[in-house]
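Asker: got a sequence here, can you build the structure:
(one chain, ligands or ions: 1)
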Amino acid sequence: MRKKVTKAIFPVAGLGTRFLPATKSVPKEIMTLVDRPLIQYAIDEARAAGIKEFIFVTSRGKGALEDYFDTAPQLEAELRKKGKEDLLEILKNTNMDSGAIAYIRQHKAMGLGHAVWCARRLIGHEPFAVILPDDVIAAEKPCLQQMVEAYEETGGNIVASMEVSPDKASSYGILDIKEDMGSMVAVRGMVEKPAKGTEPSNLAVIGRYILTPRVLSNLNKMKVGAGGEIQLTDAIAAEIEAERPVYGYRFRGQRFDCGSKAGFLQATVSFALAREDLRDELAAFLHTVTAEQKAAQ
Ligand code: G1P
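Answerer: Predicted coordinates for the structure are as follows:
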């Protein structure tokens, strides 16, 4: 039996500059897709995968995130008084058991690898998951759950992956494929943000990882990589060099890049269309605006 994955790290220290001015006072992770903040999607996915301990790597100005997962006594009392049981039920999902959630500060923006390293003492010697809340994945079976199941078979380090168009490869961590087994890929190497034309494939790392604690030891070296930052990709690639297995996992589902405005809008439309209470009105609206746009061309 493999050790169960019960801890997940959520790197949420980024400034979210692509969404200024909104992110001047609201953490990016609190921005809403339909009616749930981005971070709630990540938490729900982690819960479905059996995660019991949630570790947030935050930074200055992320207080709203901490409040989001706290109880809201005044609001709850008000709703109870008014008999709004349905809304109280919705709020329940945002509460965390005492001790299930931890916040660690990353004091300097030194890269994703550094953010993950900041949580090392809370991880200890266990396998752990990393979820980047910017990557929202709509899937029948939540992506991390798919990966936990794959991990139970193979162990090792597993990174979510999907093919991206070659002109986008330089925005991602890219896998060098040793053996393609369909949904699983054995990895020979990994490059963070390869220069255009040098990418070993167009199979990109997407923000879900199941990692062995050795990756944290690799991060101790503080090796500076792409963009002058300490890269998680490099610390995982160091495992391959040490002849320990790393796999890419082609998940089933649709990924939205909510770190970009276009991706965020696409996710909003797609999630709203999946909702019974919004679908008809939104579909009719989209139909009209696209027809108007076509007519104007
Ligand atoms: C991060 C990772 C990169 C990965 C990407 C997925 O990059 O460093 O390897 O492909 O997330 O979204 P970022 O988007 O933070 O630049």
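
Asker: can I assume residue 183 is in contact with residue 247?
Answerer: No. With contact defined as CB atoms under 8 Å, residue 183 and residue 247 do not form a contacting pair (9.8 Å). C-beta: built from backbone N, CA, C; applies to glycine.

Asker: spit out the residues that contact the two alike.
Answerer: residue 150 (CB atoms under 8 Å, 6 or more residues apart in numbering).

Asker: more crowded one of these two?
Answerer: Legend: neighbour count by other CB atoms under 10 Å for residue 183 and residue 247, higher for residue 247 (25 against 14).

Asker: element containing the residue lying closest to the more buried one once chain neighbours are set aside?
Answerer: Leaving out its chain neighbours, the residue that sits closest to residue 247 by CB to CB, 6 or more residues apart in numbering is residue 158, at 4.9 Å. Using DSSP states H and E, residue 158 falls within strand 157-163.

Asker: determine the angle, from 0 to 180 degrees, between the next helix or strand after that strand and strand 157-163.
Answerer: Later in the chain than strand 157-163, the nearest helix or strand by DSSP H and E is strand 173-180. If you take axes from the mean of the first three to the mean of the last three CA atoms, to 10 degrees, strand 173-180 sits at 100 degrees to strand 157-163.

Asker: now do strand 173-180: distance to the chain's middle.
Answerer: 21 Å (CA atoms, centre = their mean, to the nearest Å).

Asker: elements contacting it?
Answerer: Strand 173-180 sits against strand 157-163, strand 184-192, strand 203-211, with contacts defined as 3 or more CB pairs under 8 Å, 6 or more residues apart in numbering; DSSP states H and E.

Asker: buried set for the first one?
Answerer: By neighbour count, and taking 16 or more other CB atoms under 10 Å as the criterion, the buried residues in strand 157-163 are 157-162.

Asker: over to stretch 267-287?
Answerer: Quick answer for stretch 267-287 (16+ other CB under 10 Å): 267-268, 271-272.

Asker: which of those residues fall in strands?
Answerer: Using DSSP state E, no member of the buried residues of stretch 267-287 sits in strands.

Asker: got TSV for the residues you listed, with pLDDT and distance to residue 74 too?
Answerer: Formatted as TSV, the buried residues of stretch 267-287 follow (pLDDT from 0 to 100; distance: CB to CB, whole Å):
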residue	pLDDT	distance to residue 74
267	97	31
268	96	29
271	96	29
272	96	30
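
Asker: just the closest of the residues you listed to the ligand, please.
Answerer: residue 267 (13.5 Å; CB to the nearest ligand atom).

Asker: the closest residue to the closest one other than its chain neighbours pairs with what?
Answerer: Nearest non-adjacent residue to residue 267, counting by CB to CB, 6+ apart: residue 256, 3.7 Å away. For residue 256, the beta-bridge partners are residue 136 (DSSP bridges).

Asker: distance of residue 256 from the ligand?
Answerer: From residue 256 across to the ligand, the span is 11 Å (CB to the nearest ligand atom, to the nearest Å).

Asker: contacts only, for that residue.
Answerer: 135-138, 263-264, 266-267, 270.

Asker: let me know the secondary structure of residue 247.
Answerer: Classification of residue 247 using DSSP: H, G, I helix; E, B strand; the rest coil returns strand.

Asker: rewinding a little: need the helices and strands packed on strand 173-180 in CSV (columns: distance to residue 176 and mean pLDDT).
Answerer: What follows is those, written out as CSV (distance: least, CB to CB, whole Å; pLDDT from 0 to 100):
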stretch, distance to residue 176, mean pLDDT
strand 157-163, 12, 97
strand 184-192, 4, 96
strand 203-211, 9, 97
